[in-house]
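Novice: next one to model:
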Amino acid sequence: MHTASQIHDVFVIYWSNGVCIFRANNKITAISEAQLRPFLALETLDLSNNNVVEIKSGSFPALPLKNLFLNNNRLSSLEPGCFTNLSSTLQVLRLNRNRLSNIGPKIFTLPHLQHLELSRNRIRRVDGLTFQHLPSLRSLKIQRNSLNRLMDGCFWGLSNMEVLQLDYNNLTEVSKGWLYGLLSLQQLHLSHNTISKIKSDAWEPCPKLSELNLSSNHLSRLDESGFANLGVLDRLDVGNNRVSFIADGAFRGLSNLQMLDLQNNEISWTIEDMNGPFSALDKLKKLFLQRNQIRSVTKKSFSGLDALQHLDLSNNAIMSIQANAFSQMKNLQELRLNTSSLLCDCQLKWLPIWVAEQTFLYCINASCAHPQMLQGRSVFAVRQEEFVCEDFPKPQITVQPETQSALKGANVTFVCSAASSSDSPMTFAWKKDNEVLNDAEIHNQAHLRVQGGAGGETEVTEYTTTLQLRNVEFSSEGRYQCVISNHFGSSYSTKARLTVHMLPSFTKTPMDLSIRAGATARLECAAVGHPSPQIAWQKDGGTDFPAARERRMHVMPEDDVFFIVDVKTEDIGVYSCTAQNTAGAISANATLTVLETPSFLRPLMDRTVAKGETAVLQCIAGGSPPPKLNWTKDDSPLVVTERHFFAAANQLLIIVDAAEADAGKYTCEMSNTLGTERGNVRLTVVPNPNCDSGAQGVVGVGIGAGAGSDDDGWTTVGIVIIAVVCCVVGTSLVWVVIIYHTRRRNEDCSVTNTDETNLPADIPSYLSSQGTLADRQDGYIPSESGSSHQYMTSSISGFYLQPKEMIGLCHLDTGSEVDMEVAIDPLLCHYQGPIGSLLQRDNMYLTDPTEVFTGLQNSLATLLLFSYKNLFKSPNWRPQDLHPGFTPLSVTQNGITLHENPYTAPDAESDHKEFNDSSSEQSNSVYEQPFDNTRTDSTSQCLSST
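Specialist: Take a look at the predicted model:
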């Protein structure tokens with residue numbers, strides 16, 4: 001045995017021009033730095049075929065060594081830094097046929113190394129960053145190891161490497177993780193591994209790859225875009241695999257491919273049934289398809305291969321070739337075909353003629369297998385008239401499977417039938433998305449039928465195959481196809497699509513939401529189904545969203561959230577989320593409630609009324625939920641008498657026949673779940689001037705109601721006393737009758753538990769936030785005797801009721817325009833909208849039905865109807881229905897009588913003309929039931945003053 005110390009004495013065989021080479025094939029076991037130091041010009045050192053076991057750190061001196069060969073030693077260990085002294089010059093390092101099993105990242109710190117060979121070692125795994133210190137490496141060979149794991153980034157740093165050979169290992173898949181960093185790689189050899197899968201985007205790190213060898217692996221399918229990002233690939237070898245499925249678009253992106261080797265696979269169905277599987281390879285020149293069990297070639301098998309020059313179909317038992325199957329390949333120079341299984345019928349007669357026109361007859365060896373009379377004869381020796389179609393031994397599809405839709409969990413059946421004149425055994429198969437269903441539930445049956453023809457009747461065998469799919473899932477969706485084959489070939493049915501639906505079901509449902517005004521409302525809604533359902537929103541059964549019009553609505557499809565920002569009361573409603581797909585639709589509702597603290601919609605105003613008049617105290621409340629109202633007087637509970645009435649959910653406090661005791665401070669307290677608000681109204685009751693001045697005289701009411709008083713004599717006094725007594729008695733009877741009829745009519749909808757109430761003219765034109773009412777009404781109080789009552793006003797907007805021809809009741813003069821103008825509420829007018837002409841002279845005030853209450857011309861019912869819509873809801877009724885004797889009063893000299901017919905709608909545009917003509921204006925009284933299910937009846941009135 002020799003040591004490294006003997007190198008100088010024994011093994012030097014060549015020394016010239018600064019180059020020293022050592023002969024290999026010795027028994028050197030160690031390398032000594034001291035013995036190598038004298039060779040200062042050494043460039044190549046070959047220590048192959050020795051017994052070197054390890055290389056320690058510092059084994060090599062600082063020599064100008066460029067090539068180091070250590071093949072076929074017994075190396076099992078390389079210490080980190082063992083090649084450090086050679087890092088400035090070493091370019092080629094060969095470590096083949098050793099016993100290396102582990103290579104660490106600090107072993108190869110050789111910035112100038114260009115070629116590294118590690119073949120035939122025992123390396124099983126390459127960790128990340130193992131070769132990061134080899135920036136100049138151009139080729140790496142790790143063939144015939146036991147590699148089964150390449151970790152992510154294991155070749156990082158080899159950005160200039162052009163050739164990577166990993167043949168004859170145990171790699172199982174290709175992924176971009178271990179290819180990361182190979183930006184300049186041009187050749188990748190992966191043959192003779194066990195690769196069965198190519199991951200998506202695996203080739204992305206290798207944009208310059210021009211040659212890829214995947215032969216002799218375990219690939220069974222080529223998926224769509226399996227070779228994406230290989231735009232410069234020139235040669236692709238996938239031969240000797242198990243490929244039986246090529247997806248549509250599998251070769252998409254290989255625009256520069258010129259050679260494709262698919263020999264010795266199982267792609268017969270791809271060639272026979274697919275429509276242009278190679279159509280993306282418009283620059284392909286060579287295609288190798290030997291030994292692929294191809295039995296038929298169709299005219300669409302090679303569509304798109306316009307540049308193809310060499311096609312090898314040898315060693316395939318081809319039985320049929322459709323007409324013009326090769327004619328589209330205009331540049332075809334060589335066609336290799338050898339088969340003895342051809343069906344020489346009328347459909348093959350084109351082949352000898354076409355081949356004779358080409359130059360590759362010597363490459364084709366084709367003979368007939370059917371009919372019997374032509375068996376064994378070359379197709380080029382058969383006369384044209386001998387190519388006849390007397391039967392159809394190859395199966396022919398007679399019943400195609402049909403496209404279907406089904407709900408998830410249902411059972412589905414596909415049926416396919418074919419007929420053949422041959423008694424050759426038949427095989428059946430079903431494919432889903434071009435892949436064979438191996439474990440499918442298939443039922444097959446056959447029966448004979450007689451088929452007539454010009455030459456007589458023949459027996460034909462009809463075969464039916466049924467595919468049963470039970471409890472279908474979404475994964476069952478796809479295109480199903482039956483394949484029926486016998487010795488003479490295969491027939492492929494059309495592809496029937498199965499679509500599986502599932503009714504939508506909610507994964508998130510909107511919840512009822514109560515939120516303060518001004519905040520953001522968030523409604524969630526999500527659903528699953530198949531196909532994926534579409535989500536739509538509705539508000540109150542429609543698509544009118546106030547928030548959408550004001551651009552306050554936002555829908556976030558990705559988050560399944562529906563937002564309304566800065567919510568307002570008009571956003572209150574029921575929101576419906578609908579999920580719909582082709583299987584059906586479902587919906588879920590959520591109620592949005594906008595909460596507002598109680599507030600006064602208009603300022604509270606003090607009231608002053610004359611004694612005996614009707615006082616109306618108003619407290620127009622706003623808030624959500626609608627606040628509850630409570631009235632107190634002088635900070636004490638309000639004592640309610642038969643003269644006190646409440647209307648519009650307690651927003652109006654009506655005091656009939658006001659007395660001095662009614663004067664004081666009234667407090668309106670409104671409260672809901674968000675808080676309480678209070679406001680004060682002071683009611684002042686002043687003496688009635690007419691009562692004070694008329695103690696000795698009485699003013700009549702109505703037509704002929706003015707009886708004069710005689711201060712001279714007892715006769716006049718007696719008459720007055722008698723008249724007063726009669727009037728009191730008659731009035732009492734009238735009121736009894738009125739109360740009786742009123743209670744009967746208002747049993748189901750009374751404002752209070754008291755009798756019919758008549759409201760004065762200063763009731764505001766809105767009472768709630770429910771809407772507006774457009775029509776006005778005239779109020780009146782009928783009497784049993786047919787007499788009518790009148791509303792009388794004062795300059796302080798008070799009202800009191802006076803029966804017609806009633807003697808001894810005080811009233812106010814209403815002939816002053818000043819009094820009328822005082823009754824007009826400018827705030828109310830401004831709130832409701834345009835007012836138009838509010839005042840007319842000659843003591844007559846006309847109004848448009850859409851305007852606000854403007855004074856004396858509108859009666860109590862008119863005021864009620866100017867409140868928001870839905871406040872009063874009841875069928876229209878006419879005063880004549882209850883009191884046939886009712887007739888409106890006419891205009892008097894010193895007073896005003898409103899001629900309002902409650903049966904016809906007012907004409908706002910003709911108000912002035914009607915006034916000038918002194919004609920009576922017709923109006924239609926409409927009653928609507930208030931939201932609190934109470935109602936204040938209106939009565940038609942005639943008003944006059946003296």
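Novice: what strands flank the host helix or strand of residue 397, and is each parallel or antiparallel?
Specialist: Using DSSP states H and E, residue 397 maps to strand 396-399. According to DSSP bridges, strand 396-399 has the following sheet partners: strand 412-420 (antiparallel).
Novice: can you give me the buried ones in the strand it pairs with?
Specialist: Within strand 412-420, the residues scored as buried using 16 or more other CB atoms under 10 Å are 412, 414, 416, 417, 418, 419, 420. Using the backbone N, CA and C atoms, a C-beta is placed for each residue, glycine as well.
Novice: tell me which of those residues is nearest to residue 731?
Specialist: Of all these, residue 412 has the smallest distance to residue 731: 89.5 Å, by CB to CB.
Novice: for that closest one, give me its contacts.
Specialist: Counting by CB atoms under 8 Å, 6 or more residues apart in numbering, residue 412 makes contact with 404, 406, 468, 469, 472, 476, 498.
Novice: just residue 111 next, same as before
Specialist: 87, 133, 134, 135, 136.
Novice: try 6 Å this time
Specialist: Contacts for residue 111 (CB atoms under 6 Å, 6 or more residues apart in numbering) come out as residue 135.
Novice: in the stretch 101-250 of the chain, which spans are helices?
Specialist: Per DSSP state H, counting those that start in this stretch, the stretch 101-250 of the chain carries helices over the ranges 176-179.
Novice: now the strands for it?
Specialist: Along the stretch 101-250 of the chain, counting by DSSP state E, counting those that start in this stretch, strands occupy 115-117, 125-126, 139-141, 149-150, 163-165, 173-174, 187-189, 197-198, 211-213, 221-222, 235-237, 245-246.
Novice: can I get those in JSON lines with mean pLDDT?
Specialist: Listed next are those as JSON lines, based on pLDDT from 0 to 100:
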{"stretch": "strand 115-117", "mean pLDDT": "97"}
{"stretch": "strand 125-126", "mean pLDDT": "95"}
{"stretch": "strand 139-141", "mean pLDDT": "97"}
{"stretch": "strand 149-150", "mean pLDDT": "94"}
{"stretch": "strand 163-165", "mean pLDDT": "98"}
{"stretch": "strand 173-174", "mean pLDDT": "96"}
{"stretch": "strand 187-189", "mean pLDDT": "98"}
{"stretch": "strand 197-198", "mean pLDDT": "94"}
{"stretch": "strand 211-213", "mean pLDDT": "97"}
{"stretch": "strand 221-222", "mean pLDDT": "92"}
{"stretch": "strand 235-237", "mean pLDDT": "97"}
{"stretch": "strand 245-246", "mean pLDDT": "90"}
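Novice: starting from the strand holding residue 397, tell me the next helix or strand along the chain.
Specialist: Sequence-wise, the next helix or strand downstream of strand 396-399 (DSSP H and E) is strand 404-407.
Novice: list the helices and strands that following strand packs on?
Specialist: strand 496-508 (3 or more CB pairs under 6 Å, 6 or more residues apart in numbering; DSSP states H and E).
Novice: switch to 8 Å and redo it
Specialist: Strand 404-407 makes packing contacts with strand 412-420, strand 496-508 when contacts are defined by 3 or more CB pairs under 8 Å, 6 or more residues apart in numbering; DSSP states H and E.
Novice: want to throw those into TSV with distance to residue 460 and mean pLDDT?
Specialist: Converted to TSV, the helices and strands packed on strand 404-407 look like this (distance: least, CB to CB, whole Å; pLDDT from 0 to 100):
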stretch	distance to residue 460	mean pLDDT
strand 412-420	5	95
strand 496-508	24	93
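Novice: which of the ones you listed sits closest to residue 31?
Specialist: Nearest of the helices and strands packed on strand 404-407 to residue 31, taken as CB to CB: strand 496-508 at 70.2 Å.
Novice: how about the closest one: buried residues?
Specialist: 496, 498, 499, 500, 501, 502, 503, 504, 506.
Novice: I figured the third one hits residue 410, correct?
Specialist: No: when contacts are counted by CB atoms under 8 Å, residue 499 is not listed as touching residue 410 (11.6 Å).
Novice: select the longest strand from the chain.
Specialist: When the chain is parsed with DSSP state E, its longest strand is strand 584-600.
Novice: next one: that strand to chain centre, how far?
Specialist: 23 Å (CA atoms, centre = their mean, to the nearest Å).
Novice: dump that strand to PDB, keeping only the CA atoms.
Specialist: Provided in PDB are the C-alpha atoms of strand 584-600 (Å, rounded to 0.1, in the frame of the first residue of the first chain):
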ATOM      1  CA  GLY A 584     -84.300  27.500  -6.400                       C
ATOM      2  CA  ALA A 585     -84.400  30.500  -4.100                       C
ATOM      3  CA  ILE A 586     -84.700  31.200  -0.400                       C
ATOM      4  CA  SER A 587     -85.100  34.400   1.500                       C
ATOM      5  CA  ALA A 588     -84.600  35.700   5.100                       C
ATOM      6  CA  ASN A 589     -86.000  38.900   6.600                       C
ATOM      7  CA  ALA A 590     -84.600  41.300   9.100                       C
ATOM      8  CA  THR A 591     -86.300  44.400  10.600                       C
ATOM      9  CA  LEU A 592     -84.300  47.500  10.900                       C
ATOM     10  CA  THR A 593     -85.500  49.900  13.600                       C
ATOM     11  CA  VAL A 594     -84.000  53.300  13.800                       C
ATOM     12  CA  LEU A 595     -84.100  54.700  17.300                       C
ATOM     13  CA  GLU A 596     -84.500  58.400  18.000                       C
ATOM     14  CA  THR A 597     -84.800  60.200  21.300                       C
ATOM     15  CA  PRO A 598     -88.100  62.000  21.800                       C
ATOM     16  CA  SER A 599     -88.200  65.500  20.400                       C
ATOM     17  CA  PHE A 600     -90.700  68.300  19.600                       C
END
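Novice: state the mean pLDDT of that strand.
Specialist: The average pLDDT for strand 584-600 rounds to 90.
Novice: repeat for stretch 733-742
Specialist: The predicted model assigns stretch 733-742 a mean pLDDT of 74.
Novice: now do the contacts for residue 617.
Specialist: Residue 617 sits next to 607, 631, 652, 653, 654, 655, 666, 668, 681, 683 when contact means CB under 8 Å, 6+ apart.
Novice: the residues you listed in helices, which ones?
Specialist: Per DSSP state H, helices hold no members of the contacts of residue 617.
Novice: whichever of those end up buried, select them in PyMOL.
Specialist: Of those, the buried ones can be selected in PyMOL as follows, counting by 16+ other CB under 10 Å:
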select buried, resi 607+631+652+653+654+655+666+668+681+683
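Novice: which one of the contacts of residue 617 is nearest residue 141?
Specialist: Proximity of the contacts of residue 617 to residue 141 (CB to CB) peaks at residue 668, which lies at 98.5 Å.
Novice: how close does that closest one get to residue 371?
Specialist: 110 Å (CB to CB, to the nearest Å).
Novice: in the stretch 351-500 of the chain, what spans have low per-residue confidence?
Specialist: 452-457 (pLDDT under 70).
Novice: meant to ask about the chain
Specialist: Across the chain, the ranges flagged by pLDDT under 70 are 1-25, 452-457, 557, 691-721, 723-724, 741-946.
Novice: got the domain ranges for it?
Specialist: Residue ranges for the domains of the chain, per automatic domain parsing: 396-500, 509-596, 601-695+732-928.
Novice: can you pull out the strands in the stretch 401-550 of the chain?
Specialist: Under the criterion DSSP E, counting those that start in this stretch, the stretch 401-550 of the chain contains strands at 404-407, 412-420, 427-432, 435-436, 441-453, 456-469, 478-486, 489-492, 496-508, 513-516, 521-524, 526-530, 534-539.
Novice: those strands: which one's closest to residue 552?
Specialist: Comparison of these against residue 552 by CB to CB identifies strand 521-524 as nearest, at 9.6 Å.
Novice: from the chain's centroid, how far away is that closest one?
Specialist: Here strand 521-524 shows a centroid-to-chain-centroid distance of 16 Å under the convention CA atoms, centre = their mean.
Novice: now do it: everything it contacts.
Specialist: Strand 521-524 is contacted from outside by 508-511, 513, 515, 537, 560-564, 567, 571, 575, 577, 590, 592, using CB under 8 Å, 6+ apart.
Novice: again, 10 Å this time
Specialist: Residues from elsewhere that reach strand 521-524 (CB atoms under 10 Å, 6 or more residues apart in numbering): 506-515, 537, 547, 552-556, 559-567, 571, 575, 577, 590, 592-594.
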